[in-house]
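K.L.:
okay, predicted coordinates and the sequence, questions at the end:
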Amino acid sequence: MPRRVARLLSINTARAAPLVIEGRRVMSGIGKRSASSLDAPERLAVKPLGIDGDEQVDACVHGGLSKAVYAYPSEHYPFWQTVRAQAQVAGWDEPLPHGMMGENLTLSGLLEGDVWVGDVLRFADCTLAVSEPRRPCYKFQHVMGFKHALKMMAQSGFSGFYLAVRVPGTLAAGESFELIPGPREVNIRELFLAKMRKDAAS
């Protein structure tokens, strides 16, 4: 069986901007768009608290040393495109732009079940350590545009994962990276689904 190559497809950033959710104005950095793509692979600085040009508003959700960078598998994008079309908030042939999940790094070749807390993503000029899965919030549901988005993420396990910056440096779209195993006690998918079950039971 050929070895799967893990690759960085896009680096996405956003400045904090207001969202109006159920009549309430909140600031958020969830509206990320590509700042480095395969077509324009600009090299961006990665610092201990995140990627240059990216603003984080609520550090409880995304931010701080352990959640400096959020990564999401591109393999899940067709799922979200389909469920948004089923919810009639987008067309069937309307692709989602990278960053739509609120992620900093859009990856290919690395799913939640393939990555474990403590694993390391080693790029040529930057090293990132896997810390925990993302917990979906009301801002994600607002951006997705339909009321069952949180439930769909909880049931699918398509959470993505947060990364701590172990070795600061630079990144550019198109880079491949090496996954270095950590202790391998629990993978991201298992941990996310366990947290969702606990939340549902509480």
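P.N.:
Received the coordinates, thanks.

K.L.:
low pLDDT regions in the protein?
P.N.:
Residue ranges of the chain with pLDDT under 70: 1-4, 59-60.

K.L.:
which residues touch the top helix by length along it?
P.N.:
Across the chain, the longest stretch assigned as helix under DSSP state H is helix 188-201. Applying CB atoms under 8 Å, 6 or more residues apart in numbering, the contact partners of helix 188-201 are 111-113, 115-117, 130, 132-135, 154-155, 157, 159, 161. C-beta: built from backbone N, CA, C; applies to glycine.

K.L.:
and these, which are buried?
P.N.:
Among these, those classed as buried by 16 or more other CB atoms under 10 Å are 111-112, 115-117, 130, 132-135, 154, 157, 159, 161.

K.L.:
from the residues you listed, which land in strands?
P.N.:
V130, E132, P133, F161 (DSSP state E).

K.L.:
how close does the closest residue to the third one other than its chain neighbours sit to S66?
P.N.:
Distances taken as CB to CB, 6 or more residues apart in numbering put F192 closest to P133, at 3.7 Å, once the chain neighbours are dropped. Shown here: F192 relative to S66, a distance of 16 Å by CB to CB, to the nearest Å.

K.L.:
quick one: the residue nearest to P133 from I51, how far?
P.N.:
The value you get for F192 to I51, if CB to CB is used, is 23 Å.

K.L.:
who touches L128 in this structure?
P.N.:
L128 makes contact with V46, V69, A71, V120, L121, L163, A164, V165, R166 under the criterion CB under 8 Å, 6+ apart.

K.L.:
quick check: which element contains the first one?
P.N.:
Secondary structure from DSSP states H and E places V46 in strand 44-47.

K.L.:
so which other helices or strands are in contact with that strand?
P.N.:
In terms of contacts (3 or more CB pairs under 8 Å, 6 or more residues apart in numbering; DSSP states H and E), strand 44-47 is packed against strand 169-171.

K.L.:
on that earlier part again, any chance of the buried ones among the contacts of helix 188-201 in a markdown table, plus distance to G99?
P.N.:
Converted to a markdown table, these look like this (distance: CB to CB, whole Å):
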| residue | distance to G99 |
| --- | --- |
| L111 | 19 |
| E112 | 19 |
| V115 | 20 |
| W116 | 25 |
| V117 | 24 |
| V130 | 20 |
| E132 | 20 |
| P133 | 19 |
| R134 | 14 |
| R135 | 19 |
| A154 | 21 |
| G157 | 21 |
| S159 | 16 |
| F161 | 16 |
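
K.L.:
list the buried residues in stretch 134-148.
P.N.:
R134, R135, P136, C137, K139, F140, Q141, H142, V143, M144.

K.L.:
what's the answer for stretch 11-28, then?
P.N.:
By 16+ other CB under 10 Å, the buried positions in stretch 11-28 come out as I11, N12, T13, A14, S28.

K.L.:
also stretch 164-184?
P.N.:
Taking 16+ other CB under 10 Å as the criterion, stretch 164-184 shows A164, V165, T170, L171, A172, A173, E175, F177, L179 as buried.

K.L.:
of all those residues, which two lie farthest apart?
P.N.:
A164 and A173 (21.1 Å; CB to CB).

K.L.:
before we move on, the earlier item: out of the contacts of L128, which are inside strands?
P.N.:
Per DSSP E, the contacts of L128 map to strands at V46, V69, A71, V120, L121, L163, A164, V165, R166.
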